[in-house]
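Chemist: no sequence on hand, only this structure:
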């Protein structure tokens, strides 16, 4: 019985470790990090949204899938920013959780999402 309880506690702990909220980053802070080349950005929006416009240099999460580790910098202290559609969207967690599970320690969320990025007049890339 003790083993079962221990396993359950361990499972709950590790699940909560990766399923938590991530600190927010502002559009201006992200722009600064991109300009300095000190960030990897993960876009978790669908393919159609990505093609219509994404943050320059953003990795399309759905396209890289299991190869995310190869798309991210080797330095686990690198800032990783995940985003989705906007403030009401929680899909960003897929990208953030995947980066955290790979051992990245500085994972943040652009809660403004691509809608806020576009509204701010920031540059978008299209593919």
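Modeler: Perfect, I can see it now. Every value quoted in this text rests on a predicted model; they were computed, and no experiment measured them.

Chemist: can you map out the strands along this protein?
Modeler: Secondary structure of the chain (DSSP state E): strands located at 39-43, 59-60, 79-83, 106-109.

Chemist: other SSEs contacting the last one?
Modeler: Applying 3 or more Cβ pairs under 8 Å, 6 or more residues apart in numbering; DSSP states H and E, we find strand 106-109 packed against strand 79-83, helix 92-101. (C-beta placed from N, C-alpha, C; glycine too.)

Chemist: okay if I get those as TSV plus mean pLDDT, distance to residue 29 and mean neighbour count?
Modeler: Below are the helices and strands packed on strand 106-109 laid out as TSV (pLDDT from 0 to 100; distance: least, Cβ to Cβ, whole Å; neighbours: other Cβ atoms under 10 Å):
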stretch	mean pLDDT	distance to residue 29	mean neighbour count
strand 79-83	98	9	26
helix 92-101	97	16	21
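
Chemist: and the strands of the chain: which comes nearest residue 53?
Modeler: For residue 53, the closest of these is strand 39-43, at 10.0 Å, according to Cβ to Cβ.

Chemist: any low-confidence regions in the chain?
Modeler: For the chain, residues meeting the criterion pLDDT under 70 lie at 1-20.

Chemist: from the centroid of the protein, which residue is nearest?
Modeler: Centre of the chain computed as the mean C-alpha position; nearest residue by Cα atoms, centre = their mean is residue 82, 2.0 Å away.

Chemist: what about that one, distance to residue 96?
Modeler: In this structure, residue 82 and residue 96 are 4 Å apart, going by Cβ to Cβ, to the nearest Å.

Chemist: what is in contact with those two at once?
Modeler: Contact with both residue 82 and residue 96 is made by residues 22, 42, 107, 108, 109, according to Cβ atoms under 8 Å, 6 or more residues apart in numbering.

Chemist: the chain: helices as residue ranges?
Modeler: For the chain, helices defined by DSSP state H occupy the ranges 2-18, 27-36, 47-52, 61-64, 68-71, 92-101, 113-119.

Chemist: okay, the ones you listed in CSV with distance to residue 77 next?
Modeler: Shown next, in CSV, are these (distance: least, Cβ to Cβ, whole Å):
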stretch, distance to residue 77
helix 2-18, 18
helix 27-36, 13
helix 47-52, 27
helix 61-64, 21
helix 68-71, 15
helix 92-101, 12
helix 113-119, 25
